[in-house]
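Enquirer: Predicted model and sequence below, questions to follow.
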Amino acid sequence: MTINELGRMIQKKRKAFRLTQQEAAGMCNVGIRFLSELENGKKTLQIGKVLHVLDSFGYDIILKERSV
């Protein structure tokens, strides 16, 4: 998954909940700018905040070693 795909996934979930970026940012305890940048696929975001947003929207992160 790319950061752009991750951002689109968050945006789709936010819209499914019928939340504005402002409402979703408040729910996730992050700034509106951060949420906007995440939805737009900015590559230099703080991983801790990204994980917090994912958790707030009900997502789990699963790491899996790639087969060679």
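Expert: Now that the structure is in, tell me what you want to look at. Just so you know, these numbers come straight off a predicted model, no measurement behind them. Numbers count the residues shown, from 1 in each chain.
Enquirer: Which residues does the longest helix along the chain contact?
Expert: Secondary structure of the chain per DSSP state H: the longest helix is helix 3-16. Identification of contacts with helix 3-16 by C-beta atoms under 8 Å, 6 or more residues apart in numbering yields 21, 24, 35, 38-43, 50, 53-54, 57-59. Where you see a C-beta, it was placed from the backbone N, CA and C, and this is true even at glycine.
Enquirer: out of these, which are buried?
Expert: Buried members of the contacts of helix 3-16, scored by 16 or more other C-beta atoms under 10 Å, are 21, 24, 35, 38-39, 50, 53-54, 57.
Enquirer: Include pLDDT, distance to residue 15 and secondary structure when you put the residues you listed into JSON lines, please.
Expert: Formatted as JSON lines, the buried ones among the contacts of helix 3-16 follow (pLDDT from 0 to 100; distance: C-beta to C-beta, whole Å; DSSP: H, G, I helix; E, B strand; the rest coil):
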{"residue": "21", "pLDDT": "98", "distance to residue 15": "10", "secondary structure": "helix"}
{"residue": "24", "pLDDT": "98", "distance to residue 15": "9", "secondary structure": "helix"}
{"residue": "35", "pLDDT": "98", "distance to residue 15": "12", "secondary structure": "helix"}
{"residue": "38", "pLDDT": "98", "distance to residue 15": "14", "secondary structure": "helix"}
{"residue": "39", "pLDDT": "98", "distance to residue 15": "10", "secondary structure": "helix"}
{"residue": "50", "pLDDT": "97", "distance to residue 15": "19", "secondary structure": "helix"}
{"residue": "53", "pLDDT": "97", "distance to residue 15": "15", "secondary structure": "helix"}
{"residue": "54", "pLDDT": "97", "distance to residue 15": "16", "secondary structure": "helix"}
{"residue": "57", "pLDDT": "96", "distance to residue 15": "11", "secondary structure": "coil"}
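Enquirer: Which of those residues sits closest to residue 63?
Expert: Residue 63 has its nearest neighbour among the buried ones among the contacts of helix 3-16 in residue 54, at 13.1 Å by C-beta to C-beta.
Enquirer: And the residue nearest to that closest one when sequence neighbours are not counted, its phi and psi?
Expert: Leaving out its chain neighbours, the residue that sits closest to residue 54 by C-beta to C-beta, 6 or more residues apart in numbering is residue 61, at 6.4 Å. Main-chain dihedrals, residue 61, degrees, to the nearest 10: phi -100, psi 130.
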